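A.B. asks: Got a predicted structure here, sequence first:
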Amino acid sequence: MEAAGGAGGEAGCVGGRGGESPPPPPKTLVDWALEILDTADPDEKARLGDLAAAEWLRGAIPLPYDPARPPRPPPDRPARSDAVRLLPPSQMPKLGKGGSAQSRLALLHSLAHTESWAVDLSWDIVARFGARLRMPREFFDDFARVAQDEGRHFTVLSARLRELGSHYGALPAHDGLWDSATRTSHSLLARLAVEHCVHEARGLDVLPTTISRFRAGGDEQTAKLLEIIIYPEEITHCAAGVRWFRYLCLRSHNGDPTASSVPQDITQCSVLPRGGTSDINKVEEVEDGPEAKLAEPSNGHDKTVQQVEDELAQCKLVDIDDDAEAAVIRTFHSVVREYFRGPLKPPFNTEARKAAGFDPAWYEPLAVKEVERQAVE
Ligand SMILES: [Fe+2]
Ligand SMILES: [Fe+2]
């Protein structure tokens, strides 16, 4: 496998000569994620993200993280350029419904802004949780793809703004987009549920209306960008959220997803007992916690790669039965009720949600206000 590096990358596995300091360790995907989160310029953030995802997905970055070199925590809030003026949500001018060119420009600017933050969200989940919870390689694949998509979405919308004589940063932008990321920064389960299931699915609900507003206003080009490029890819993002929520839920609840509320911190690859009695026990056990593994010194790059591959291979899930799925969904409900304010807002785009594997059983009970729910129970 080719060493990490490439444009913007650090040196790979070139042997040092006598007296010289050893070469720096290969850059991991988490190293890339941290660099992207620290990049303030939104165009550069998207460009670097595209490069990192492409390198990872073609196998040019050997490790998702280096067990011998625990990564630093990601920033509480990603770096953002001062060129985009952020306003508290309550002070944001109304976007309108796309009936005028000015309103459509405001809508387009708002969409570009959301996509730029989505780039950060995708890399944050990689940097914040990927190594600490020793997530499988497929987790890194999925969120590298999502990050690459979000960067592409930002880039095409930003380019469209310029075609229309504006640019990203020409208007003030909503400063509340990181709030729920902060609220869920301690729990991957909560992060997946709120950001990567609920918010991504909400995007699917509203996007068809947004597309028709651009179309009705005569901006077919923007309508097509949203319809052909962005909409289908957003379905895959919601699918990634559902997939990893299910995985983590089954892995972390000691055989009974209903037995605990939201885990504050999950530090085991699997805490399931060997030969467990429940069908939920479909993840093989890893005996040592990730901190112990991460702190182990490595004698060489090959050994490190093998160690990570061995660990990741132990985190595979197989198919689950209906009872386990029902338990996962109940856990989803409890997590969303704890971390998402208020009921979910219908109407839902059932078809797109279904295409993402997000069936009504996951979200319809959450559309009911808490007081109404308690009255029924
Ligand atoms: Fe997007
Ligand atoms: Fe997305």
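C.D. replies: Sure thing, it's come through. Ligands and ions are numbered 1, 2, ... in the order given.

A.B. asks: residue ranges for the strands of the stretch 101-250 of the chain, please.
C.D. replies: Under the criterion DSSP state E, counting those that start in this stretch, the stretch 101-250 of the chain contains strands at 173-174.

A.B. asks: and the nearest residue to Glu364 once chain neighbours are set aside, how many neighbours?
C.D. replies: Nearest non-adjacent residue to Glu364, counting by CB to CB, 6 or more residues apart in numbering: Phe348, 7.7 Å away. C-beta: built from backbone N, CA, C; applies to glycine. Phe348 has 19 neighbouring residues, counting by other CB atoms under 10 Å.

A.B. asks: hang on, Phe348 packs against Val206?
C.D. replies: No: contact criterion CB atoms under 8 Å: Phe348 and Val206 do not qualify, at 10.6 Å.

A.B. asks: Backbone dihedrals for Phe340, both of them.
C.D. replies: Note on Phe340: its backbone torsions stand at phi -110, psi 130 [degrees, to the nearest 10].

A.B. asks: Now do the contacts for it.
C.D. replies: Contacts here follow CB atoms under 8 Å, 6 or more residues apart in numbering; on that basis Phe340 touches 180, 193-194, 198, 366.

A.B. asks: List only buried entries from the residues you listed.
C.D. replies: Using 16 or more other CB atoms under 10 Å as the burial test, these include 180, 193-194, 198, 366 as buried.

A.B. asks: Reformat those residues as a markdown table; add pLDDT.
C.D. replies: Listed next are those as a markdown table, based on pLDDT from 0 to 100:
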| residue | pLDDT |
| --- | --- |
| Ser180 | 95 |
| Ala193 | 97 |
| Val194 | 97 |
| Val198 | 98 |
| Leu366 | 97 |
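
A.B. asks: Need the residues you listed in a markdown table (columns: distance to ligand 2).
C.D. replies: Shown next, in a markdown table, are those (distance: CB to the ion, whole Å):
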| residue | distance to ligand 2 |
| --- | --- |
| Ser180 | 14 |
| Ala193 | 15 |
| Val194 | 14 |
| Val198 | 12 |
| Leu366 | 20 |
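
A.B. asks: Would you mind listing what in the chain touches ligand 1?
C.D. replies: Contact residues (CB under 5 Å from the ion) of the chain with ligand 1: 115, 118, 150, 153.

A.B. asks: which two in these are spaced the farthest apart?
C.D. replies: Ala118 and His153 (7.2 Å; CB to CB).

A.B. asks: Nearest to ligand 2: which residue in the stretch 201-350 of the chain?
C.D. replies: Distances between the stretch 201-350 of the chain and ligand 2 by CB to the ion are smallest at His237, namely 3.6 Å.

A.B. asks: ok, and the most crowded of the residues of the chain next to ligand 1?
C.D. replies: Counting neighbours by other CB under 10 Å, Glu150 leads the residues of the chain next to ligand 1 with 28 neighbours.

A.B. asks: dump the residue contacts of the spatially closest residue to that one that is not a sequence neighbour.
C.D. replies: Spatially, and ignoring its direct neighbours in sequence, Glu150 is nearest to Ala118 (3.9 Å; CB to CB, 6+ apart). Contacts for Ala118 (CB under 8 Å, 6+ apart) come out as 150, 153-154.

A.B. asks: So for Val146, what's the pLDDT?
C.D. replies: In this model, Val146 is scored at 98, pLDDT.

A.B. asks: roughly how far apart are the residue of the stretch 1-150 of the chain found nearest ligand 2 and Thr28?
C.D. replies: Closest contact between the stretch 1-150 of the chain and ligand 2, by CB to the ion, is at Ala118 (5.1 Å). To Thr28, Ala118 is 22 Å away according to CB to CB, to the nearest Å.

A.B. asks: Check Phe214 too.
C.D. replies: The gap separating Phe214 from Thr28 is 40 Å, by CB to CB.

A.B. asks: burial count for Leu57?
C.D. replies: Neighbourhood size, Leu57 [other CB under 10 Å]: 14.

A.B. asks: Quick check: it touching Asp142?
C.D. replies: No: under the criterion of CB under 8 Å, Leu57 makes no contact with Asp142, lying 10.5 Å away.

A.B. asks: Quick check: neighbours shared by those two?
C.D. replies: Joint contacts of Leu57 and Asp142 (CB under 8 Å, 6+ apart) do not exist.

A.B. asks: Where does pLDDT dip in the stretch 1-150 of the chain?
C.D. replies: 1-19 (pLDDT under 70).

A.B. asks: same deal with the stretch 201-350 of the chain?
C.D. replies: Residue ranges of the stretch 201-350 of the chain with pLDDT under 70: 252-319.

A.B. asks: hmm, 90 instead?
C.D. replies: Applying pLDDT under 90 to the stretch 201-350 of the chain flags residues 249-324, 341-342.

A.B. asks: residue boundaries of the helices in it?
C.D. replies: Assigned by DSSP state H, counting those that start in this stretch, the stretch 201-350 of the chain shows helices spanning 220-224, 231-252, 290-295, 301-313, 322-339, 350-355.

A.B. asks: so what's the residue positioned nearest the centre of the chain up against?
C.D. replies: Nearest to the geometric centre of the chain sits Ser122, at 3.6 Å (CA atoms, centre = their mean). By CB under 8 Å, 6+ apart, the contact set of Ser122 is 49, 143-144, 146-147, 150.
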